[in-house]
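1. Kindly return the folded structure for what I paste below:
(one chain, ligands or ions: 1)
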Amino acid sequence: MTPPPTAPAAEPAVGPLVDRFGRVHRDLRVSLTDRCSLRCTYCMPAEGVPWLPGAGTLTTDELVRVAEVAVALGVAEIRLTGGEPLLRRDVVEVVRRMATLEGPAGRPEISLTTNALRLPALAEPLREAGLARVNVSLDTLDRERFRALTRRDRLDDTLAGIAAADAAGLRPIKLNAVAMRGVNDDEVTDLVAFAVERGYEMRFIEQMPLDAGHTWVRARMVTGAEILERLRGRYTLTEVPGRGSAPAQLWHVDGGPATVGVIASVTAPFCGACDRVRLTADGQLRSCLFAHAETDLRVLLRSGADDAALATAFRRCIGGKRPGHDIDDPTFLQPDRPMSAIGG
Ligand code: SAM
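-> Numbering: from 1, shown residues only. Got it, this is the predicted structure:
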């Protein structure tokens, strides 16, 4: 586990996006929309949530402008997410324009987190536009469970989307599952088998307090340690060294080369190595999934601010980043925005 940083200093006014704790920010997560085609029980209620108003959502030009400023500040990786990012009609254009930006780290790698439902139609155009790879959410391989969990009977469409990403060469394909007690925790080894057979990387995520209904209870959460214990019942796992700033700790499965990842955001936080900053679909910059403060870039964009002003706003946001998410602190308060409106 990465220890939380402890030595505050002032954030610099030039150079890369460094916070008071020396963390350099190279990864921008961009939410393209808060809307989603599924209604995963751990994320959204059946009726959805009050959607962000359309006029408040950043336009294609505004999104690309923010990305351009971020890339000039040293961002090397842009992950498009949501809601469901493929619901946005301009997604191919967004990828094409972001993929050609240039900064001190060169061209950014563009990746996408998706439920894959629209990938059969979009995988090829996205790859041609410059998309490097995809992360696909796949919590179960059982059709009835998938229907109950996502409140939509779409398992076959998600599997077709994963196959389309593979055929288009959007590799490595990472599959994400939120492990839930009594829901899919008995399936973790089957999910790994599915991924290993196809050359994909399975990753399990600890459930976080980011659901719209605020129903998360720590005691019910399946921990990373429990996931590893279950996996060790079927596989030999060897820790992969050199994790860097990656959220997932990787393990070689039966000697490798296949790997499985565990993202233990709650029980083994990796905030000390965090290099991520997030842009919501309505133009709010957030230094952490669990932040309460947001920096309003939309108001700057729509009032004619120049790139220097946007860069200063980025630095201020990063300057206010806290050392850790504090989920274990008795004063922890879940942010008002659910995961779907932040961008997972
Ligand atoms: N719609 C896309 C998808 O399905 O991947 C992108 C958005 S979704 C919010 C991004 C990721 O967040 C998914 O892998 C999802 O499983 C995860 N997620 C959502 N709510 C979560 C929670 N409360 N705890 C942990 N992960 C969560």
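2. which non-adjacent residue is nearest I327?
-> V266 (5.6 Å; Cβ to Cβ, 6 or more residues apart in numbering). All C-beta atoms are positioned from the backbone trio N, CA, C, and that covers glycine.
3. now T158
-> A116 (4.8 Å).
4. coming back round to it: and the residue nearest to I327, how far from the ligand?
-> 9 Å (Cβ to the nearest ligand atom, to the nearest Å).
5. ok so that residue is a strand residue?
-> No. Read with DSSP: H, G, I helix; E, B strand; the rest coil, V266 is coil and lies in no strand.
6. and it, how many residues sit next to it?
-> Neighbouring residues of V266 were enumerated by other Cβ atoms under 10 Å; the total is 19.
7. show me what contacts it?
-> E206, Q207, M208, R218, M221, T223, I327 (Cβ atoms under 8 Å, 6 or more residues apart in numbering).
8. can you tell if stretch 168-188 touches the ligand?
-> Yes. Applying Cβ under 6 Å from any ligand atom, one finds stretch 168-188 in contact with the ligand at N176, V178.
9. Name the residues of that stretch that come out as buried.
-> Neighbour-count burial for stretch 168-188, counted by 16 or more other Cβ atoms under 10 Å, picks out 168, 170, 173-180, 183-184, 187-188.
10. Which residue ranges of this protein form strands?
-> 27-33, 77-82, 109-114, 131-137, 174-178, 201-205, 237-239, 249-253, 259-263, 276-279, 284-286, 295-296 (DSSP state E).
11. What pairs with the shortest one, parallel or antiparallel?
-> Each strand that strand 295-296 pairs with, and the sense of that pairing, follows from DSSP bridges: strand 284-286 (antiparallel).
12. What average pLDDT does the partner strand get?
-> Computed over strand 284-286, the mean pLDDT rounds to 98.
13. ok, now stretch 44-58?
-> 92.
14. pull the CA atoms of that stretch into PDB?
-> Extracted C-alpha coordinates of stretch 44-58, given in PDB (Å, rounded to 0.1, in the frame of the first residue of the first chain):
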ATOM      1  CA  MET A  44     -27.800   4.200 -10.200                       C
ATOM      2  CA  PRO A  45     -31.500   3.800  -9.200                       C
ATOM      3  CA  ALA A  46     -33.900   2.100 -11.600                       C
ATOM      4  CA  GLU A  47     -35.400   5.400 -12.700                       C
ATOM      5  CA  GLY A  48     -32.000   7.000 -13.300                       C
ATOM      6  CA  VAL A  49     -30.900  10.200 -11.600                       C
ATOM      7  CA  PRO A  50     -31.700  13.800 -12.400                       C
ATOM      8  CA  TRP A  51     -29.600  14.300 -15.600                       C
ATOM      9  CA  LEU A  52     -27.300  17.300 -16.100                       C
ATOM     10  CA  PRO A  53     -29.100  19.800 -18.400                       C
ATOM     11  CA  GLY A  54     -28.000  19.500 -22.000                       C
ATOM     12  CA  ALA A  55     -27.000  23.100 -22.300                       C
ATOM     13  CA  GLY A  56     -24.700  22.700 -19.300                       C
ATOM     14  CA  THR A  57     -22.800  19.900 -20.900                       C
ATOM     15  CA  LEU A  58     -19.500  20.900 -22.500                       C
END
